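In: Following is a predicted model, sequence given first.
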Amino acid sequence: MDEQELRQRFALLTTAHLADACIRAQLGVRCAPSPVRALVPGSRLAGRVCPARHAGSVDVFLEAFQRASAGDVLVADNGGRLDESCVGDLVALEAQAAGLAGIVIWGLHRDTADIVEAGLPGFSMGSIPTGPLRLHARVPDALESATVGDWTVGREDLVLGDDDGVLFVPASRAADLFALAETIRDTERRQADQIHAGTSLRSQVQFDAYLARRQQEPSLTFREHLRSVRGAIEE
């Protein structure tokens, strides 16, 4: 899936649809921790991960931009630190000038007003006035992978962000996952339309039948029942 198709298809989906698609495909759901939020509500981004592990100097980001392709998303790993920022307005402007689609920060940013004015989508744990407070030796693979919460991601991954947060998916599975997500979206839209028209969700998913069947099969899960009636509210 190329950059244009990725953006066009994600424009009609949400990270929630794609997270459910990962469950249905039996893939791990790799979400950034919930504190990683959009600087501007309503922001969306989609692109290949451009990883960089911050050690106290901006040079790692500039070098990452040297290697990046148009449409990539900088994933800046500052170890989730809450005592310093690692990205400011100049890094955001340079990322934008290099053709990147956005920035995701496992840590904090600063220069919020200037970054917002620039218009580059950004996701971060929050802001703080101070820049880096230390300078450590850079690890040899600083540009090969980045850690966000429990997950380590690299150039083989896509990153997607919206109002629900940030999700990472393997680029090699993108076509299958997007197709599943679109099916889930369409099912949920039909269900929502029917609720608006007066048919309850319980009726649509045959909830009474599920309760009756569960009496006979106590191990039956609601997800198993939903699959049998092609419901999609949980995945």
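Out: Ah, there it is. Numbering: from 1, shown residues only.

In: And the helices in the chain?
Out: Assigned by DSSP state H, the chain shows helices spanning 3-10, 15-24, 59-67, 89-97, 112-118, 174-196, 201-204, 207-216, 222-229.

In: what about stretch 149-162, average pLDDT?
Out: Averaged over stretch 149-162, pLDDT sits at 98.

In: Check which helices and strands the longest strand seen in the chain is in contact with.
Out: When the chain is parsed with DSSP state E, its longest strand is strand 45-53. Strand 45-53 sits against helix 3-10, helix 59-67, strand 73-77, strand 102-106, strand 145-148, strand 151-154, strand 157-162, with contacts defined as 3 or more Cβ pairs under 8 Å, 6 or more residues apart in numbering; DSSP states H and E. (C-beta placed from N, C-alpha, C; glycine too.)

In: coming back round to it: is it possible to export the helices of the chain to TSV including mean neighbour count and distance to residue 41?
Out: Putting these into TSV (neighbours: other Cβ atoms under 10 Å; distance: least, Cβ to Cβ, whole Å) gives the following:
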stretch	mean neighbour count	distance to residue 41
helix 3-10	16	17
helix 15-24	22	14
helix 59-67	17	25
helix 89-97	19	18
helix 112-118	15	11
helix 174-196	16	21
helix 201-204	13	28
helix 207-216	12	34
helix 222-229	15	31
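
In: Can you lay out those as CSV showing distance to residue 146 and mean pLDDT?
Out: Below are the helices of the chain laid out as CSV (distance: least, Cβ to Cβ, whole Å; pLDDT from 0 to 100):
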stretch, distance to residue 146, mean pLDDT
helix 3-10, 19, 95
helix 15-24, 18, 96
helix 59-67, 10, 97
helix 89-97, 14, 98
helix 112-118, 19, 97
helix 174-196, 19, 94
helix 201-204, 40, 91
helix 207-216, 43, 92
helix 222-229, 33, 83
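
In: out of those, which comes closest to residue 142?
Out: Evaluated with Cβ to Cβ, the helices of the chain place helix 59-67 nearest to residue 142, the distance being 5.5 Å.

In: Remind me what the closest one packs against, helices and strands.
Out: The criterion is 3+ Cβ pairs under 8 Å, 6+ apart, and the helices and strands that helix 59-67 contacts are strand 45-53, strand 73-77, helix 89-97.

In: Return the list of strands paired to the longest strand of the chain, each annotated with direction.
Out: The sheet places strand 45-53 alongside strand 73-77 (parallel), strand 157-162 (antiparallel), with pairing taken from DSSP bridges.

In: most packed of these?
Out: Mean neighbour counts were compared across the strands paired with strand 45-53 using mean count of other Cβ atoms under 10 Å; the top stretch is strand 73-77, at a mean of 27.

In: Show me what that strand is in contact with.
Out: For strand 73-77, the surrounding residues in contact (Cβ atoms under 8 Å, 6 or more residues apart in numbering) are 45-54, 61, 64-65, 68, 86-87, 95, 100-107, 146-148, 153, 159.

In: With only the CA atoms kept, save the longest strand of the chain in CSV.
Out: In CSV, the C-alpha atoms belonging to strand 45-53 read as follows (Å, rounded to 0.1, in the frame of the first residue of the first chain):
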residue,chain,number,x,y,z
LEU,A,45,-1.8,11.1,10.7
ALA,A,46,-0.8,8.0,8.8
GLY,A,47,2.6,7.0,7.5
ARG,A,48,5.6,4.7,7.8
VAL,A,49,7.5,4.9,11.1
CYS,A,50,10.7,7.0,10.9
PRO,A,51,12.3,6.0,14.3
ALA,A,52,14.7,8.1,16.4
ARG,A,53,15.9,7.5,19.9
